[in-house]
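Sharing a model that was predicted from the sequence below.
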Amino acid sequence: MSSDFAFWKTAVPVPEDTYDSLAEGLSSGLQPHPDVVAFRGELLKRWPDLVDVLEPIEQDVIDDPDDGAKYVLLTLPLRMLGRLEGIFELAEKYQLRGFSGVAGEAF
């Protein structure tokens, strides 16, 4: 079992629709932002093993750098859910918006 969380910077009218699009790999409704890149970098610096549960994956970021600057999607297994407080603190630091797939709520 896992929990999905998406983070982005761009204001969107319906966060749940944006989340659903990101789950399908579609990010055209979002704009790249350096805060997303910084958030992604700090996540991986603090928890390098998140690379295994983070999208877009490194290869996708190499192929399309804009995607890595548009969003971060985390699929956290139960064993990693204890990191959520720190992840949300980082998201707040970078003033990111997002959506929890499990809770069905925007943040």
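Right, received. Where do you want to start?

and stretch 66-79, how far apart are its ends?
Distance between the two ends of stretch 66-79: 30 Å, counting by CA to CA, to the nearest Å.

Rounded mean pLDDT for it, please.
What stretch 66-79 shows for mean pLDDT is 91.

Pull the residues that contact it.
1-8, 10, 22-23, 27, 30-34, 36-37, 39-40, 43, 50, 53-56, 60-61, 83-84, 87 (CB atoms under 8 Å, 6 or more residues apart in numbering). Yep, even glycine has a C-beta here, placed from its N, CA and C like the rest.

Just the buried positions in that stretch, please.
Asp67, Gly68, Ala69, Lys70, Tyr71, Val72, Leu73, Leu74, Thr75, Leu76 (16 or more other CB atoms under 10 Å).

For this structure, just list every one of the helices.
According to DSSP state H, the chain carries its helices in the segments 15-23, 34-46, 58-63, 65-70, 84-93.

burial measure for the closest residue to Phe39 other than its chain neighbours, as a count.
For Phe39, ignoring the flanking residues on the chain, the nearest one in space by CB to CB, 6 or more residues apart in numbering is Tyr94 at 4.6 Å. Neighbourhood size, Tyr94 [other CB atoms under 10 Å]: 17.

residue contacts, Tyr94?
Lys9, Asp35, Val36, Ala38, Phe39.

what's the closest non-adjacent residue to the fourth one?
Taking CB to CB, 6+ apart as the measure, Ala38 lies nearest to Tyr94, with 6.0 Å between them; neighbours along the chain are not counted.

dump the residue contacts of the closest residue in space to Leu73 that isn't next to it in sequence.
Spatial nearest neighbour of Leu73, excluding adjacent residues (CB to CB, 6+ apart): Glu55 at 4.2 Å. Residues near Glu55 by CB under 8 Å, 6+ apart: Leu22, Gly25, Val72, Leu73, Leu74, Thr75.
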